[in-house]
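K.L.:
here's a sequence, model it:
(one chain, ligands or ions: 1)
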Amino acid sequence: MPINSRLNESGLDQKDAQSIYRYMLLARSISEKSWLLTRQGRVLFSMPCDGQEAADVASAYALDTVTDFIVPYARSLGAMLVKGMTTQEVMLNMFGKAADPNSGGRQMPMHWGHKQLGIISMGSSVGTTIPRASGVALASKLRGQNAVTMVYFGEGSASEGDFHEGLGFAGVHRLPVVFFCNNNGWATSVPVSLQNAEPQVAKRAQGYGFPGVTVDGSDPLAIYQAVKAAVHRARSGGGPTLVEANTIRMMPHSSSDDHLRYRTQEDLENERKLDPIPLFRDFLITTGILDETSDQELQEFVDLEVEEAIELADAAPSAAAETAFNGVYAP
Ligand SMILES: Cc1ncc(C[n+]2csc(CCOP(=O)(O)OP(=O)(O)O)c2C)c(N)n1
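P.N.:
Numbering: from 1, shown residues only. This is a model prediction of the structure:
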């Protein structure tokens with residue numbers, strides 16, 4: 001069967017498409033199992049990424065995963081995996097163990113940061129990452145590193161003053177940064193209609209003097225294509241781009257939330273039709289890039305990888321009490 005021309009258009013080959021699909025499955029599996037771990041009382045907290053795997057994975061896939069920087073937010077799990085964080089490292093983070101490279105168990109679960117991988121540590125205060133990403137991009141430009149910085153945030157965070165400051169500064173100085181907004185329609189329990197009179201976040205880029213594009217957040221090929229162009233623009237001195245992916249939020253905001261208090265079952269079921277995983281699976285099977293058997297095997301392999309990582313992380317030692325103030329006060 002001929003390869004769908006959409007794949008060629010996107011600049012990806014079959015192996016890339018399979019790899020993106022595997023990362024999406026891995027992110028989903030980790031997210032689902034992390035949720036169950038919170039229900040079993042084994043893990044403190046989780047922020048599911050179910051529904052935005054295509055956005056996170058395909059966008060990060062457009063970066064140079066060695067030299068570029070990512071400034072994540074809690075739902076950026078798929079991007080963390082593409083950037084090189086292992087399933088084992090993710091689970092050490094979920095269990096807050098000493099060997100967690102993100103923070104050695106000092107931050108909440110899913111508060112990513114990995115120095116060796118160029119993942120800039122995030123703070124819980126949403127939006128604060130946005131001007132910091134502009135700062136990282138400025139530093140890399142001054143050092144002549146030719147690196148691109150990509151920062152992830154939700155549309156709710158785009159209401160913070162930090163958003164304005166970060167984009168304003170990056171526009172003026174034409175910094176090599178990509179602002180990636182996951183517009184899932186909700187900021188915890190606040191719908192986008194109560195957050196923004198103009199729901200399309202990408203339109204705001206014009207006010208900062210650079211382009212803004214909106215893409216289907218369930219379509220990894222469209223996301224990759226848009227981000228690839230933004231990364232190219234940034235790397236070649238063209239300055240920032242704001243990319244907005246219209247995503248879905250299939251799960252509650254976090255393990256501390258009950259979304260049925262503010263969403264209907266019908267709304268959730270309708271949104272499920274945009275689940276990027278079955279949509280991309282259908283595409284891969286129709287185009288002959290994947291078959292049912294290899295899909296099943298891949299799913300089992302991914303689940304096993306996550307189960308093993310959970311067992312090892314659960315058994316790993318916690319940080320020693322006497323290290324509690326390390327990195328807090330100067331010695
Ligand atoms: C400055 C600040 N205000 C409020 C919160 C509490 N809070 C955490 S996540 C969140 C919603 C963020 O929504 P959005 O940016 O759209 O991302 P999403 O969670 O929908 O992916 C809020 C209000 C916070 N962490 N920081």
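
K.L.:
contacts for stretch 180-191 next, please.
P.N.:
51-52, 55-56, 59, 75, 150-159, 192, 195, 199, 201-202, 214, 217, 227, 242-249, 253, 257, 259, 261-262 (CB atoms under 8 Å, 6 or more residues apart in numbering). Backbone N, C-alpha and C define where each C-beta goes, glycine included.

K.L.:
now the buried members of those.
P.N.:
51-52, 55-56, 59, 75, 150-159, 192, 195, 201-202, 214, 217, 227, 242-249, 253, 259 (16 or more other CB atoms under 10 Å).

K.L.:
hey, where'd the helices end up in the stretch 201-331 of the chain?
P.N.:
Applying DSSP state H, counting those that start in this stretch to the stretch 201-331 of the chain gives helices spanning 220-235, 265-272, 276-286, 292-315.

K.L.:
in JSON lines: these, plus distance to the ligand and mean pLDDT.
P.N.:
Converted to JSON lines, the helices of the stretch 201-331 of the chain look like this (distance: least, CB to the nearest ligand atom, whole Å; pLDDT from 0 to 100):
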{"stretch": "helix 220-235", "distance to the ligand": "16", "mean pLDDT": "98"}
{"stretch": "helix 265-272", "distance to the ligand": "13", "mean pLDDT": "97"}
{"stretch": "helix 276-286", "distance to the ligand": "15", "mean pLDDT": "97"}
{"stretch": "helix 292-315", "distance to the ligand": "22", "mean pLDDT": "98"}
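
K.L.:
single out the most deeply packed of those.
P.N.:
helix 220-235 (a mean of 22; mean count of other CB atoms under 10 Å).

K.L.:
show me what it is packed up against.
P.N.:
Under the contact definition 3 or more CB pairs under 8 Å, 6 or more residues apart in numbering; DSSP states H and E, helix 220-235 sits against helix 5-10, helix 14-39, helix 53-61, strand 177-183, strand 212-216, strand 241-246.

K.L.:
tell me which of these sits nearest to the ligand.
P.N.:
strand 177-183 (5.6 Å; CB to the nearest ligand atom).

K.L.:
spell out which parts of the protein neighbour the ligand.
P.N.:
Applying CB under 6 Å from any ligand atom, we find that the chain lies next to the ligand at 75, 124-126, 153-157, 182, 184, 186-188, 253.
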